[in-house]
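Q: Just to be clear, the model below is a prediction. Sequence and coordinates:
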Amino acid sequence: MELIAVLIMIVAGGAMAVFVLIALAISKGEAEPRAGIPGDREQIAASILFHVLTSGGASSDDALRQLRRVAGNGARVTRGVDVTSWAESYARVTSAPERAQLLEQAVQFAAARREPVPLRQYASLLDLSFGLGFHTDALARLRERYAFEYVDHAKDARPREADRGGGAIPLFVRDESRTAEWLAVLHLEGTPTRQAIIAAYRRLAAQHHPDKFHLDSDETQRAEAARFIEITRAYENLLAIYRD
């Protein structure tokens with residue numbers, strides 16, 4: 001009987017050890033950063049903010065100075081990052097307040113110039129907002145708080161037909177008079193859910209993202225910029241109307 005008890009204890013101990021090893025492996029896999037993306041949250045944040053600054057026209061030296069002096073982030077910067085995937089990595093290792101703080105810091109950098117930001121910079125802010133797990137209404141609220149707009153500098157002005165009353169109407173007014181028009185812009189019908197609106201927007205935004213056309217002709221850039229603004233405006237308005 002004692003021998004049987006010892007054997008049972010050995011088997012149970014072995015099973016427990018295997019279970020622990022499996023749990024550790026799973027934990028390590030979940031914590032493993034994406035290939036090419038560092039695990040240091042400060043480095044991820046610095047690289048994202050650097051991209052937001054340079055996409056707004058800041059030189060590399062000026063962007064680094066702002067990171068050091070304003071954000072107090074002295075981490076090493078990786079250039080040419082994909083904002084969405086890096087923001088997703090940042091979101092996995094930070095809390096909700098930390099994610100909100102990063103988005104707000106990026107908005108503060110964009111708004112600091114006290115003039116409409118280039119469309120490519122606003123697109124970077126959109127990518128950051130999505131990657132961190134927010135939706136465009138969160139970014140739009142920050143736009144109102146810091147009082148900045150975005151503009152297509154290739155056309156010298158935002159196309160009025162892609163804006164709400166030429167920009168005169170504040171965000172989040174539940175004006176449903178143009179709902180059908182905004183739904184058509186996103187290729188939606190009926191009464192969509194917020195998730196359907198988000199999915200439609202992300203699909204169309206990926207097709208017309210300014211970064212995809214920066215090497216194309218001026219005419220193509222202007223057309224795609226106008227389309228990107230149009231779908232973004234429709235998306236912002238629809239999220240204000242359909243709150244589930």
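A: Thanks, I have the structure now. The shown structure was predicted, so the numbers you read here are calculated from the model rather than taken from an experiment.
Q: Point out where this protein drops to low pLDDT.
A: 1-35, 136, 151-177, 244 (pLDDT under 70).
Q: Which of the helices or strands spans the spatially most central residue of the chain?
A: Compute the mean C-alpha point of the chain, and by Cα atoms, centre = their mean the closest residue is Leu128, 2.3 Å away. Element membership for Leu128, per DSSP states H and E: helix 119-131.
Q: residues making contact with that helix?
A: 48, 51-52, 55-57, 83-88, 90-91, 102-103, 106-107, 110, 135-136, 138-139, 150-154, 202, 205, 209-211, 214, 225, 228-229, 232 (Cβ atoms under 8 Å, 6 or more residues apart in numbering). From N, CA and C alone the C-beta is placed, and that goes for glycine too.
Q: Please state the offset of the helix or strand just after that helix from the chain centre?
A: Downstream of helix 119-131, the first helix or strand assigned by DSSP H and E is helix 136-146. From the chain centre to the centre of helix 136-146 is a distance of 13 Å (Cα atoms, centre = their mean, to the nearest Å).
Q: Show me what helix 136-146 is packed up against.
A: helix 96-111, helix 119-131, helix 218-241 (3 or more Cβ pairs under 8 Å, 6 or more residues apart in numbering; DSSP states H and E).
Q: need the ones you listed in CSV with distance to Ala63, can you?
A: Shown next, in CSV, are the helices and strands packed on helix 136-146 (distance: least, Cβ to Cβ, whole Å):
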stretch, distance to Ala63
helix 96-111, 9
helix 119-131, 12
helix 218-241, 23
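Q: Determine which stretch of these is the most buried.
A: helix 119-131 (a mean of 24; mean count of other Cβ atoms under 10 Å).
Q: report the angle between the axes of it and helix 96-111?
A: 180 degrees (axes from the mean of the first three to the mean of the last three Cα atoms, to 10 degrees).
Q: Give me the distance from helix 119-131 to the chain's centre.
A: 5 Å.
Q: Quick one: end-to-end distance for stretch 70-90.
A: Stretch 70-90 has an end-to-end distance of 20 Å (Cα to Cα, to the nearest Å).
Q: For it, buried residues please.
A: 71, 73, 75, 77-78, 81-84, 86-90 (16 or more other Cβ atoms under 10 Å).
Q: Of those residues, just say which sits nearest to Arg178.
A: Thr84 (29.1 Å; Cβ to Cβ).
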